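*Asks:* Pasted the sequence and its predicted model underneath.
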Amino acid sequence: MAIPVSTPVAQPTATTDLTPTPRYGSALAAVTTLFFLWGFITCLNDILIPYLKAIFQLSFAQANFINLCFFGAYFLMSIPAGKLVARVGYKRGMLLGFVVAAIGAFLFYPAAAQRVYGLFLGALFVLASGITILQVAANPYVAILGPARSASARLTLTQAFNSLGTFLAPLLGSALILSHLPKLNTAASAASIDVTAVQTPYLVIGTVLLLISLLLSRVNLPQIVPATEAASLAVDADSTRAWHYRNLVFGVVGIFAYVGAEVSIGSHLVSYLALPDVMGLDPKSAGDRVALYWGAAMIGRFGGAYLLNKVAPAKILAFNAVCAVALMLISINTTGPLAMWSLLAVGLMNSIMWPVIFPLALAGLGRHTEEGSGLLCTAVVGGALVPLLFGTVADHGGLRLALLLPVLCYAYIVWYGLRGSRRPGAVLAS
């Protein structure tokens, strides 16, 4: 739990729900930069997967070890990170996350020099561990950095900048990495590709992470806590642990499903768009299209930051999930541009899912907020397991059959928006 300030912390008032008080404005702006950076880093995996898949001649399942190591770090590190943040505070937690992530980025240099797939996986795990600490610290910090009623709107706004990072990453990654990847037909041709193309981008990333951590250390972030226990635990006062809250438990599954679906689609877009009956694109052209998938999410989040103040977040969540199911089924059953654009449009539907599920799941947790945030970030392991299953199905039945897995994930999110996010007076039995 965050260290409380010397005076009671009241929820700030604001002219609009999207505008925090001057006290919190600079803090929100500083934390927003974190969302941009980890969005950029995470989305580079969508470029790294087809690149290393071709170079090391991997199957879809083997290539998804990248997602397994990256998002598996969330599963292993989220709860320890939550305890760390509760002990040292939000700001110190973020600074530590930056340093760990920078170390992981620098490890790409020896991994590429040695041309060993396992070293890439190790570097990704360290990089993701740092991002996990950042996630655990920053998400609840934004959620409580202003009125509780606008938590979803604030998270959506900051996630929009996260999406800006995910939009730019495929464009730069395609230019710097996939442009070195011709269409490969043999293992010999794959062995001729210079894997060191990834060294410079990740060296730059590591350097930027260290510079931002230095700047953040000089920013005066207020030490704040969630609403007082008397107010926030009025309904669920008998709960002793975070997982006793049904909205959190079902929300953990919701995050698992959402991240699993989003990552499965993004990680295989290059391969899907290269299919002859879809678009037959070369790696760089397909990589450029990946930016549209994440760009749609960026647009949706900027718009969602306003809309979520007008419409119940749970209803918007269910609506977007229904649309995602429809678009997925259209893509699976069509060819050519329609198959491409319908799948890319799913990015728009994804736009508000994380920033809506997160505060819905944390609603009413009070003193358990940090623990609940850790559990939610643990559920990001869906980005490791669902794509791995996706790759296995794709290896045996093709990419179109594998796309049914995200359909099932979005179907669950429909239910969570309509029913699972409701928080009754009683908590789950211990």
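*Replies:* That came in fine, so what should we check first?
*Asks:* What is the least confident helix or strand in this structure?
*Replies:* helix 229-232 (a mean of 44; mean pLDDT, DSSP states H and E).
*Asks:* low pLDDT regions in the stretch 1-150 of the chain?
*Replies:* 1-27, 140, 143-146, 148-150 (pLDDT under 70).
*Asks:* rerun that using 80 as the cut-off
*Replies:* 1-31, 33, 74, 78-79, 135-136, 138-150 (pLDDT under 80).
*Asks:* Please enumerate the strands of the stretch 301-430 of the chain.
*Replies:* Counting by DSSP state E, counting those that start in this stretch, no segments of the stretch 301-430 of the chain form strands.
*Asks:* just for it, where's the confidence low?
*Replies:* 301-302, 304-306, 308-310, 364-371, 373-374, 377-378, 421-430.
*Asks:* redo that, cut-off 70
*Replies:* Ranges of the stretch 301-430 of the chain meeting pLDDT under 70: 423-430.
*Asks:* quick one, what contacts residue 142?
*Replies:* Residues near residue 142 by C-beta atoms under 8 Å, 6 or more residues apart in numbering: 28, 31, 151, 154, 155, 158. Every residue, glycine included, has its C-beta placed from N, CA and C.
*Asks:* Repeat the analysis, applying 6 Å as the threshold.
*Replies:* Residue 142 makes contacts with 31, 154, 155, 158, as judged by C-beta atoms under 6 Å, 6 or more residues apart in numbering.
*Asks:* Ok, residue 403 next?
*Replies:* So residue 403 contacts 328, 332 (C-beta under 6 Å, 6+ apart).
*Asks:* ok, now how distant is it from residue 274?
*Replies:* 15 Å (C-beta to C-beta, to the nearest Å).
*Asks:* Please name the nearest non-neighbouring residue to residue 385.
*Replies:* What sits nearest to residue 385 in space, not counting adjacent residues and going by C-beta to C-beta, 6 or more residues apart in numbering, is residue 260, at 6.7 Å.
*Asks:* In terms of helices and strands, where is the one you found?
*Replies:* helix 246-273 (DSSP states H and E).
*Asks:* ok, now residue 281?
*Replies:* Per DSSP H and E, there is no helix or strand for residue 281.
*Asks:* Name the nearest residue to it, ignoring sequence neighbours.
*Replies:* Computed as C-beta to C-beta, 6+ apart, the closest residue to residue 281 that is not its neighbour in sequence is residue 273, at 4.8 Å.
*Asks:* Also residue 325?
*Replies:* In space, residue 325 is closest to residue 410, 4.9 Å off (C-beta to C-beta, 6+ apart).
*Asks:* Now for residue 285, how many residues are close by?
*Replies:* Neighbourhood size, residue 285 [other C-beta atoms under 10 Å]: 15.
*Asks:* wait, what's in contact with the residue nearest to residue 385?
*Replies:* If you count contacts by C-beta under 6 Å, 6+ apart, then residue 260 has 382, 386, 409 around it.
*Asks:* Could you tell me which residues make contact with the last one?
*Replies:* Looking back up the chat, that one is residue 409. Residue 409 neighbours (C-beta under 6 Å, 6+ apart): 257, 260, 261.
*Asks:* Tell me which residues are up against the host helix or strand of residue 61.
*Replies:* Applying DSSP H and E as the criterion places residue 61 in helix 60-63. With C-beta under 6 Å, 6+ apart as the test, helix 60-63 has contacts from 49, 53, 391, 392, 394, 395.
*Asks:* Excluding sequence neighbours, find me the nearest residue to the second one.
*Replies:* Closest residue to residue 53 apart from its sequence neighbours, by C-beta to C-beta, 6+ apart: residue 63 at 3.9 Å.
*Asks:* how close does the one you found get to residue 114?
*Replies:* In terms of C-beta to C-beta, residue 63 sits 19 Å off from residue 114.
*Asks:* How about residue 73?
*Replies:* Distance from residue 73 to residue 114, counting by C-beta to C-beta: 21 Å.
*Asks:* who has more neighbours, those two?
*Replies:* Shown here are residue 73 and residue 114; by other C-beta under 10 Å, residue 73 has more neighbours (26 against 12).
*Asks:* show me what contacts the more buried one?
*Replies:* By C-beta under 6 Å, 6+ apart, the contact list for residue 73 reads 125, 128, 129, 132.
*Asks:* one more time with 10 Å
*Replies:* 81, 100, 104, 124-133, 380-381, 384 (C-beta atoms under 10 Å, 6 or more residues apart in numbering).
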